[in-house]
Every structure is written in structure tokens, then in C-alpha cells.
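S.K.: Any chance you can model this:
(2 chains)
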Protein chains: 2
Amino acid sequence: MPDIRPIFFIIGLLLVILSAGMGVPALADIVTGHANWRVFAGAAGACLFIGVTLILTMRTEAARMGVRQAFLLTTVSWLVIALFGALPFALADLELSYTDAVFEAMSGITTTGATVIVGLDRAPPGILIWRAILQWLGGIGIIVMAVSVLPMLRVGGMQLFRMESSEKTEKALPRVAQVVAIISIIYVGLTMACALAYWLAGMRGFDAVAHAMTTVATGGFSTADASVGHFNSPAIEWIAVAFMLSGSLPFVLYIQAVRGNIMPLLRDSQVHTFFGIAGTAILLLASWRIMAADEAIGPAIRQVTFNLVSVMTGTGYATSDFSLWGEFALTVFFFAMFVGGCAGSTTCGLKVFRLQVLYATTTAQIGKLLQPHGVFVPHFNRKPIPESVSESVLSFFFLYVVSFGALSVGLGATGLDFLTAVSGAATAIANVGPGLGDVIGPAGTFASLPDPAKWLLSFGMLLGRLELFTVLILLTPAFWRN
Amino acid sequence: MPDIRPIFFIIGLLLVILSAGMGVPALADIVTGHANWRVFAGAAGACLFIGVTLILTMRTEAARMGVRQAFLLTTVSWLVIALFGALPFALADLELSYTDAVFEAMSGITTTGATVIVGLDRAPPGILIWRAILQWLGGIGIIVMAVSVLPMLRVGGMQLFRMESSEKTEKALPRVAQVVAIISIIYVGLTMACALAYWLAGMRGFDAVAHAMTTVATGGFSTADASVGHFNSPAIEWIAVAFMLSGSLPFVLYIQAVRGNIMPLLRDSQVHTFFGIAGTAILLLASWRIMAADEAIGPAIRQVTFNLVSVMTGTGYATSDFSLWGEFALTVFFFAMFVGGCAGSTTCGLKVFRLQVLYATTTAQIGKLLQPHGVFVPHFNRKPIPESVSESVLSFFFLYVVSFGALSVGLGATGLDFLTAVSGAATAIANVGPGLGDVIGPAGTFASLPDPAKWLLSFGMLLGRLELFTVLILLTPAFWRN
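M.R.: Numbering: from 1, shown residues only, chains lettered A, B, ... in the order given. Down below sits the predicted model:
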């Protein structure tokens, strides 16, 4: 049993930050004269009280974090933020149960973007900006984790991205803190640029900020029921595409780029492969739309690019109900959900580097079949992949498929139809947002699902966001043994 | 470029055997006074002519088989048998195109059991027994391959089942030949026992023999459109369950069992896990049927056991349209398709030993996460799993999922709906038989699918049956390079 005092100390800190974050929507509601500000004030008070209590009672001397504590802290902090971030949704006049509220908050903090709220166009501005803030914090949170914690924990091959000299925690920490600081500045910069672009393209300032926060975070919450389709503007759609893509690249490489050395970003094999996969899928779907559905070339390319990038990066915006594009498109979108973006980005899904490692390892296997005594070393980004990384990624893939299957069966047991169950499981684990089909597709919401399905989906989002192992390890007896 | 002469020499031998096999349905038609015997006589003549030509022209001295030849021979021989075994279907008065005929023959020889023939109840007996013969030959063929060729080729972890001293081909051959001979006798014995049991339970002699051949082969072709449901007999269903299970166990372990030592079979961890998975799924589905659908306990257990064993082992018989059991059952059946039986059996699918290796490897990974410097060696059947085997199985799993995804997208492109496309891809690669849904579900057939879909599915069956690597390796440039 790991010492949980330092964990709850940090949770306390996070709750205080969350409480401060609730000031923004409160302010938004006050400025626009919405009585809903009281909800945020109340929720902020609760978070502050519990946060301060934890900080005061859980302070320990020289709290060195072990591996177990790191795992526990990671999972518990996302869970706690979802449970407390849900308070404003539950308390506001939105007719949401606490189940709904947790679903919405989990969908926010995990940057999924699935929603149970019907009538966003009439919702108080505080609620809308709170959803955006949750996704924005979730986005930077996961990048920080991918840079600092996950490589150290060797989760699903993330040790590939360990920074040099980060083997020893003491030396690595200042370096990591520095990297995190620079990445945060870049994140803020990208968000501001995105907001400005949206505003110039004709969005209201409020919508521009809210959408910028959920675009860069590849989150997908919108301020309109019709999502980005509401604005009916090609310019806005192309801006969204550009910034969804920017949120899907490895943020570590941006550091060198802003220092003037753009080559590492341009030469990164993960970046190449990411654009390669997206480009191929877009080409495939656009040709299909042009030939089979007799669409004009321009609109076909725009619609396909927007919706495919949105689904593949796990953002989850929609401009049209691509569920209606026919069964071929449905099948392509289904598999695109799993892809995700690059490691160290805000995206979820399997992630491109894992597909590269899987491909390289499998190709090496085929080589070995032909020449049993030949030496075939799989490579990633021009470097040999250590066997431990291959195994780690391959196990991750297996666990991913098994989790997807188990979640699908669980959702089926709550009474969902096949397409809703399997696409719901996929969209939750890959943190995409909408599923496929009439119920949870781009034109629907998750509101009508039974409560057990909402809890299962919330668990699935957490599982996917924290790269499976981080959560599942807590369920093994070995974790709690001494 | 490997020397292809010895390959075509053996193909010639196989065609002569196939031609002899066609004598049985010809005889069946003659005895029952069906004019259709001429079709078999003609097809047999064609096979004999081409077979003898190949034998005479391709004979070479001292034909030592290399790894490449072994891969090529394996794929080509299954392909050729499907293409020639299709002749009777194409020539008979069944209104089948050659595409349909190849689909049916491929479904036969790969023990899949998907059919394009509507009106089995009125079909000539020769055609019915020919379908059974194809599956029966496919069943013993795959066991022989699993014992002899696949472990040598190290396909997808099959090297786990290499017999001692089989490292050197010269020494191993007599031992393998002996094992193959004993297994063949056991296979014939099981088939006869099954036929006898069916006959005692009330089937006509002809139906009993035809069904026995497709039961032990876990193939699933029936002599009636309504499949085993046609007989409406609990006794027949339980007999089918028993012999489908018998066909799903490792045949190598039967050798010791018939010699009086039944312990290896009883103590085998793959056998335990196989029954564990089947039992759990049956329990889950039966409870569901009893509670949610208000079924009586007896019939619920019988129906669930029969249909689940049929789907999981990839047999593909049906007694009721389980597509109508609701969406939860649909989801469970969908994932059960992928499981399959044990290595060295007639079943297809991922196979239980691979799931065990995947589970053991992933568990070891989780252990390593907690104790990065600890030593965690995954075990299978009380022996440590070599790392090369782990990687081989993990790559196999990745390739399996990718093949399934690509096939689904391809089927979607031919215009199939989502459920038909994904369940069609699954049922083909896992060699199950029926898919899910209205079109290709247990109550439907594959007759109405467009031709490109039938070719894709035929390819998928071949791919699944030959454990992916064996076929895909032929598509790599490295294979054809010197």
C-alpha cells in the first residue's frame, strides 16, 4: 500500500486551481447578467474548502514520489477533477443528473467532447466557457503528463520519449519543469492565435475564445448544438483544421521550432506518418464522395478534410452528419477514430508512433520468417527500437483492443444497439467525441443513454486518456501488495 | 525467386487426390439416380488431367524444400484446391457464377461454412456431400499443417508447438509423418463416431455422414437451409456440441490419450482456458436470455451452448437466428467469433494459446511497470515463453486486427452496410461461417453480395485459415528477391 498522503496533498493543490478556474465562468455570467454565476461561486467554494483542508492535513516532510504513487496520483487527479468539475453542471439549471454532469466533465477533462447537453445555443455563457476551460486544462494536462510522468512510468512504449538524463529523477526534474514551462507558453500562444483567427473569420469574440480552447486541445466542445457547422463558414473550418492539426503534433518539437530550428519538426517520422495517414484517408473519402455521391470537388474536399481530421485527431467537431455519408464512410470513420495524433500532443487514440512501432516490429517479424537466422531490428525515427519498447507497445495494443471489446460488450448489456455500442466504446476510449449512428452520431447527443452506459463511457474516457496501463494497474492486486 | 518446380509437382499430386475425392459425390449421385454425376465426372477428369500433367512435367531430382517454397506451397495448394474444387459448383445446375463457386469452395476448404447456395434441401446429394468432403479435407489438412509446416515456419508463435528434435528437417520428417498418420486415424475415428451418434439420434444415414464430416472439421456446412435447426432435436444438438468441441482441441494430445495416457489432455492449460472462455460466455449469455428475454432455463442453456460453441469454434451451424436475440447477444457473438479453438485443431480464429500468450505477456508488462528492474517471465503451459514467441504472437495479433480493419473497409467500399461489413470481415478471417445482421446472419446467405465482396471474403478466408503471415509474406518484395 503506497503512502497516499503526498497524493492527497497534490490533489488539494489541484482543487484550489480548479476553484480558481471556476472564477472565469462566474465572471462571464456576471458580465452578461446571468444568475448562473452563483452556481460557480458555490462550486468554487466547495473546491476551495476541500482543497485547503487536504493541503493542511496531508502535508508531509520530504515526500519522495515512488512509481506507485505516480500511478495513483495520475489516475486519482483526473478522477477528482472530473467529479468536482461536474458540480457546476449538476447545480446549474440544465436538467442534468449528477451522472450526466460527471459524464460531461469527464468528457471535458479528457478532451473527448461527447456531450449530454441539449440546447447549447441557449445555455448560460458560464457553462459554455467552463466546458471549454475543462478541455483546455485537460489538453495541457495530458501534454505535461506525456512529457514528465508517462515516459518515466514506461507506459505503452512512452519510454521512447524519455528526455536524456531523465533516468534519474533528481537531475531530470528541473529540466522537465523548464520544458513544461515553455510548452505551456506555446500552448497559450497557439490558443490565442487560434482565437484571433476565428475572430477575424467572423466569430463573436466569446465563441472565438471558447472554440480556440477546444480546438487546440483537440477537445471538440462547441458553443452550438450544430457544432462548427453552426457557423457555416469555409474559412472557420479551414482554421479549425489547421489548429486541430497543430494540437496533434509533438509539442516537444515546437520548443526547437520557436527557437528557430524548425528541422526536427519537419524531419520527424511521426509527423510524416501522421500526415500520411490523414492524407490517405482524406484522398480515399473525398474520391468516394466525388464519385459515388456526386459531390462537387471543392465542398467534398473541405467537408471530408474537416470531418476526418476532427475524428482522427479525436477532436469531435462536426460540420455535417457524416453518419449519412453512407456505409463506406461510416466504416472508414470507425477505424479512423482509433488512430489519434502524435505522442506528446493533446490527442488520444492509439497514437501514430505506436502504429509505427507496430508496423516496424511486424515487418521485422516477416523478415525473420524468411531468414530465421537473419538479424532484423525495427527502427523508429531512424533509431533502433529496444525490444522492451516493442513489447510494451504490442501489449498496449492488445490491451487497447481488449478494453474496446469489453467496453462494447458492457455497453451492449445496457441495451444499446450494436453500432451505438461499438462506436460508443471506440469514441470513449479514443477520446473522440461523437460516435456513429442515429443516437450518438454527430447529429445526436449522449443524453438519452441509460445511466450505466454513461458511467461505463466515463470510465472508458479515463482509461483511454491515461493510456490504459495507468488506470488498469490500480486494479491489479500486485499494486496494493507490499 | 524460389524454385517452383517441386511446388507444382506436389500441387499435381493434390489435384489427383482431389479428382479421386470427386468420385464419392459422383457415386452418390449415381446411386440416387441424379444426372448431376456427370458434373463430377467432368470436373474429376479435368483435375486428373492437369494433375498428371504437372506430375510428369515438374518432377525434379532431390527436391529439398526451403522456407520460401514451404510458404509458397502452402498458399498455392489451398488456392488451387479452392479453384478446382469450385468446378462442380460452377458446372452443376445451381445457378452459381464461377465467383459464387469459388466462394463456396473456399468456404469449404477453409472450414468456414459461409454459403451462397439457397435451396440446400433440394440440392443433388452429390453437391451436398462434396461440400462436406471439402470441409473434411480442409479440417485434416489444417491439422497436418499445424503439426508439420507452421511450427517450422514459425508462423505467429506456432513454434511453441514444434516437436522435439524437429529443428532439423531430416530427422523430424519420419516422426512428423508418424504423428500425421496417427492423427489422421483419430480424425477418421472421431468422424465415424460422430456419424454414428447422429444416426442413432435420428438423422438419415446420408445427413449423419455429411454432418459428421463438417462437425469434426468445425466447418459448418449443413444439408439443410435451416442448418442443424432443421432437425429440431436436442439430442442432435448436444452431439454436435460434443464433436465441435472435440474438433477444437489439440489433436496432438489425442495421440497420448488413445495410447491410454489421458493426463496431458486433461492437464493442458490451453484446453482449460478454452473451456473457461466458452463456459464464461455461455453463462453470461444464458443468464441474459433467462433474465432479459424470460426464456425457460433448459432451452436457454441448450440454445446458447449450441450457438455459442458453434460461433466460437468457427463451425457456424445455427439452430435459431441469434441475430434476433438482441443487441447484447450480437455484441458477444461478434467478439466470440475471433476466439477460435486450440492450436493444432480444425478451428480458426486467433486461437486460445495466442490469447494466453498475449495475456501472460501483458501481465508481465504490468509487473515491469511496478518494478522496472524486476524480472517477469511470461509462462505458457507451465513453461517460460521465449521472447521471440511473445513478439511473434503480438505481431500476429496486430496483423489480425489490421487485416480485419482493411477487409471491413474494403467490404464497406463494395456497398455493404456497417454490420454486414464488419461481421463479414470477422466471419471470413476467423472462418466462422455466418455473419451478423439480416443479410449474412444465420438466417441469411452470402448469395446477394456483390462479386467484389465475394472475392474479398474468399481472400479473407484464405488469409485467416493460413494464419495471415503465410499468405501476406508472398506479397512482400523481399520474398521474391534473391
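S.K.: Any figure for the gap between the closest residue to A:Lys351 other than its chain neighbours and chain B?
M.R.: Once flanking residues are discounted, A:Lys351 sits nearest to A:Gly340: 4.8 Å by CB to CB, 6 or more residues apart in numbering or on different chains. All C-beta spots, glycine's among them, are computed from the backbone N, C-alpha and C. Per CB to the nearest CB, to the nearest Å, A:Gly340 is found 15 Å from chain B.
S.K.: Give me the pLDDT for the residue in the stretch 201-350 of chain A positioned nearest to chain B.
M.R.: Nearest to chain B in the stretch 201-350 of chain A, going by CB to the nearest CB, is A:Thr331, at a distance of 3.4 Å. pLDDT, A:Thr331: 89.
S.K.: quick one: contacts for it?
M.R.: B:Ser408, B:Val409, B:Leu411, B:Gly412, B:Phe418, B:Ala421, B:Val422 (CB atoms under 8 Å, 6 or more residues apart in numbering or on different chains).
S.K.: what do you get for A:Asn307?
M.R.: A:Ala318, A:Thr319, A:Ser320, A:Phe322, A:Phe333, A:Pro442.
S.K.: quick check, nearest of the residues you listed to B:Pro250?
M.R.: Closest approach between the contacts of A:Asn307 and B:Pro250, by CB to CB: A:Phe333, at 40.6 Å.
S.K.: rewinding a little: in helices, which of the contacts of A:Thr331 fall?
M.R.: Members of the contacts of A:Thr331 lying in helices (criterion: DSSP state H): B:Ser408, B:Val409, B:Leu411, B:Gly412, B:Phe418, B:Ala421, B:Val422.
S.K.: Can you tell me which of these lies closest to A:Ile282?
M.R.: B:Val409 (14.3 Å).
S.K.: Spatially nearest residue to that closest one (excluding sequence neighbours)?
M.R.: Counting by CB to CB, 6+ apart, the residue nearest B:Val409 is A:Thr331, at 5.2 Å.
S.K.: That neighbour: helix or strand, and which one exactly?
M.R.: Taking DSSP states H and E as the definition, A:Thr331 sits inside helix A:327-336.
S.K.: Go through the top helix by length along chain A and flag the buried ones.
M.R.: With secondary structure taken from DSSP H, chain A has its longest helix at helix A:169-200. Of all the residues in helix A:169-200, those buried under the rule 16 or more other CB atoms under 10 Å in any protein chain shown are A:172, A:176, A:179-180, A:183, A:186-187, A:190-191, A:193-195, A:197-199.
S.K.: Which two among these are spaced furthest apart?
M.R.: Going by CB to CB, the pair spanning those furthest: A:Ala172 and A:Trp199, at 39.8 Å.
S.K.: Where does the closest residue to A:Pro250 other than its chain neighbours sit: helix, strand or coil?
M.R.: Distances taken as CB to CB, 6+ apart place A:Gly344 nearest to A:Pro250, at 4.2 Å, with adjacent residues excluded. Under DSSP: H, G, I helix; E, B strand; the rest coil, A:Gly344 falls in the coil class.
S.K.: for the one 3 residues further on, same thing?
M.R.: Each residue gets one of three states, and A:Thr347 gets coil by three-state DSSP.
S.K.: Could you do the one 3 residues further on as well?
M.R.: On the three-state scheme (three-state DSSP), A:Leu350 is labelled coil.
S.K.: Per-residue pLDDT of A:Ser269, please?
M.R.: 94.
S.K.: what about it, how many neighbours?
M.R.: 16 (other CB atoms under 10 Å in any protein chain shown).
S.K.: Now for it: which residues touch it?
M.R.: By CB under 8 Å, 6+ apart, A:Ser269 lies in contact with A:Gln356, A:Phe380, A:Asn381, A:Arg382.
S.K.: Report the buried members of the residues you listed.
M.R.: A:Gln356, A:Phe380.
S.K.: Including secondary structure, pLDDT and distance to A:Gln365, could the contacts of A:Ser269 go into TSV?
M.R.: Output for the contacts of A:Ser269, formatted as TSV (DSSP: H, G, I helix; E, B strand; the rest coil; pLDDT from 0 to 100; distance: CB to CB, whole Å):
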residue	secondary structure	pLDDT	distance to A:Gln365
A:Gln356	helix	95	15
A:Phe380	strand	90	15
A:Asn381	coil	85	20
A:Arg382	coil	86	20
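S.K.: Go through the contacts of A:Ser269 and name the one nearest chain B.
M.R.: Of those, the one sitting nearest to chain B (CB to the nearest CB) turns out to be A:Gln356, at 11.9 Å.
S.K.: I'd like the distance between that closest one and A:Thr363.
M.R.: 11 Å (CB to CB, to the nearest Å).
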